[in-house]
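Q: quick one: sequence and predicted model below, then my questions.
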Amino acid sequence: MKSQLEVTQRAITGNHLAKLALVILMGLVSMGCGPKLGKIRLEQVEGAISQSQVAIDRAFLKNANTLSPELWSQAEQQMAESEKARSANQGLTAIQLAYQAMATAQTAAQQAIAASKENELDAVIDKKSVRIEKLRAEMQQVRSELKNVRSEADRTNQQKERRASELKRKLQQQSGQVSRSQSDAHQARHKRDQLQTRYDQVYAQSQQTQRQIEDYRRRIRECENQLAKAEAKLRTARQASEEAKSRAIAQGKSYSRQIENLSQQRALRDHDAVLARKMEEARAFALRRQTWTPNRTGQTALSRPQASEGRRELKRWDQAWWDKDLNTHLSYYSRQLQLEQSVIRATGEERKHLDYGQTAPAIRSQAGKGWSRNASADTPEIQAEGDSLVVTYRLNKTSGGRQKQPVLYDIWEREVWIRKQGQAWRIYREFWRIYEDVPKY
């Protein structure tokens, strides 16, 4: 930097010397060409000294007295010598010294500017050097910290790898646990769905059972009401039956007297033949009665559900008769059926026995005779006896003979015995008692 400054000062000094020589040369030329040869005017000398003083003042303002003291002192000396030459009326010497002082002052100013810039540059360089040293120290510290960070990063990576491996192992364990938990949860949901389904079924069954219980309670109340009505009707029917029995006994006595009279008349005609035939019929009847007439014990082997089922079948059999569905009505008869028919007339009683093949034509024949229910026995009583159910239905119709007062009726009583054979209920015994031309009872 100093060598460059020295080169700059030499260049500036050369330039000022060249200018000074040019100025002196021009002054000499002007003096040689002026109107007064060999003489220099005073205003020219004053002008040169003034210009030199201005140059020195400018150099002072540029701090040339401190930054370029040698040139500054030289310019001051030259200025003083120029003023002495002026005082000695040495015009040319005064001008030369004035211009030399001006050139030296300008050179000092240039050197001061250069030195000032050099100082500024040195200050900047010093500041930069301090900054560089500081940056180097910081860089060294950063390198040390970076080294520490790298070491810490290596340890962290190793810890991370160990933790990652451990985490992976734990994840695998947890994954297995999650899989097992999912499987257990799936099984639990499946079991829950099964339990929910079973609960819904049980709840529906309980609701249905509750409704059935309410229905049974309602039916029980209805049955109790019907039973109370039936008991009342039964008492009325028993009373009517006692009255009818009384009337029937009286009518029977009348029939008996008529039969006795007829028998006596016939006996007179053919006493021996009639007696023998009656004796044979009596013996056969006694044998059949022993075989056909069951003994009532009032005891039963049927459970309540079985008895209820039998009653429903009897109601269906009876309803098929009134619906004129004879095929369904006849389908309830067993092929081992025993049917006894008794027809009681004023002239006597006629009995006969029918088997399964003879029963269907007989029932079809009775179906066309206009039988109706007896108003006093619409709901016949069904009784349990042994393994069977027994019930007596009473039907009636207006008698077909000549009517007179009181009106006479034909009464048909059907005593039905039914029991379960295999999976079906079948009628295996039936008694018909048909009363002709009797009062309605």
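A: Looks like it came in fine.

Q: let me know the secondary structure of residue 390.
A: strand (DSSP: H, G, I helix; E, B strand; the rest coil).

Q: and it, how many neighbours?
A: 19 (other C-beta atoms under 10 Å). For the C-beta atoms, the positions are set from N, CA and C on the backbone; glycine is no exception.

Q: repeat for residue 373
A: 15.

Q: report how many residues lie close to the nearest residue to it once chain neighbours are set aside.
A: In space, residue 373 comes closest to residue 395 once its chain neighbours are excluded; the distance is 6.6 Å by C-beta to C-beta, 6 or more residues apart in numbering. Using other C-beta under 10 Å, residue 395 has 20 other residues around it.

Q: secondary structure element for residue 395, which one?
A: strand 388-398 (DSSP states H and E).

Q: packing partners of that strand?
A: On a contact count with 3 or more C-beta pairs under 8 Å, 6 or more residues apart in numbering; DSSP states H and E, strand 388-398 meets helix 304-322, strand 372-373, strand 382-385, strand 409-421.

Q: nearest to residue 139, of the ones you listed?
A: Relative to residue 139, the nearest member of those by C-beta to C-beta is helix 304-322, separated by 107.8 Å.

Q: tell me what angle that closest one forms with strand 409-421.
A: Angle of helix 304-322 versus strand 409-421, following axes from the mean of the first three to the mean of the last three C-alpha atoms, to 10 degrees, is 140 degrees.

Q: going forward, begin numbering at 437 instead of 1
A: All right, first residue 437 from here; so that's helix 740-758.

Q: and the closest residue to residue 749 other than its chain neighbours, helix, strand or coil?
A: Counting by C-beta to C-beta, 6+ apart, the nearest residue to residue 749 once its immediate chain neighbours are dropped is residue 861, at 4.1 Å. What three-state DSSP gives for residue 861 is strand.

Q: so what pLDDT did residue 861 get?
A: The model reports residue 861 with a pLDDT of 96.

Q: just residue 617 next, same as before
A: 80.

Q: just for the stretch 637-786 of the chain, where's the confidence low?
A: When residues are selected by pLDDT under 70, those of the stretch 637-786 of the chain lie in 666, 670, 673-674, 676-678, 680-681, 683-685, 687-730.

Q: let's see that with 80 instead.
A: 659, 662-663, 665-667, 669-734 (pLDDT under 80).

Q: which stretches of it form helices?
A: 740-758, 762-766 (DSSP state H, counting those that start in this stretch).

Q: can you say which of the ones you listed is nearest to residue 789?
A: It's helix 762-766; of the helices of the stretch 637-786 of the chain, that one is closest to residue 789 (C-beta to C-beta) at 18.1 Å.

Q: buried ones in that closest one?
A: 765-766 (16 or more other C-beta atoms under 10 Å).

Q: cool, stretch 850-870 as well?
A: By neighbour count with 16+ other C-beta under 10 Å, stretch 850-870 contains the buried residues 850, 852-856, 861-870.

Q: swap in stretch 489-501?
A: 489, 491-492, 494-496, 498-501.

Q: so how far is that stretch from its chain's centroid?
A: Centroid separation between stretch 489-501 and its chain, computed with C-alpha atoms, centre = their mean, to the nearest Å, is 102 Å.
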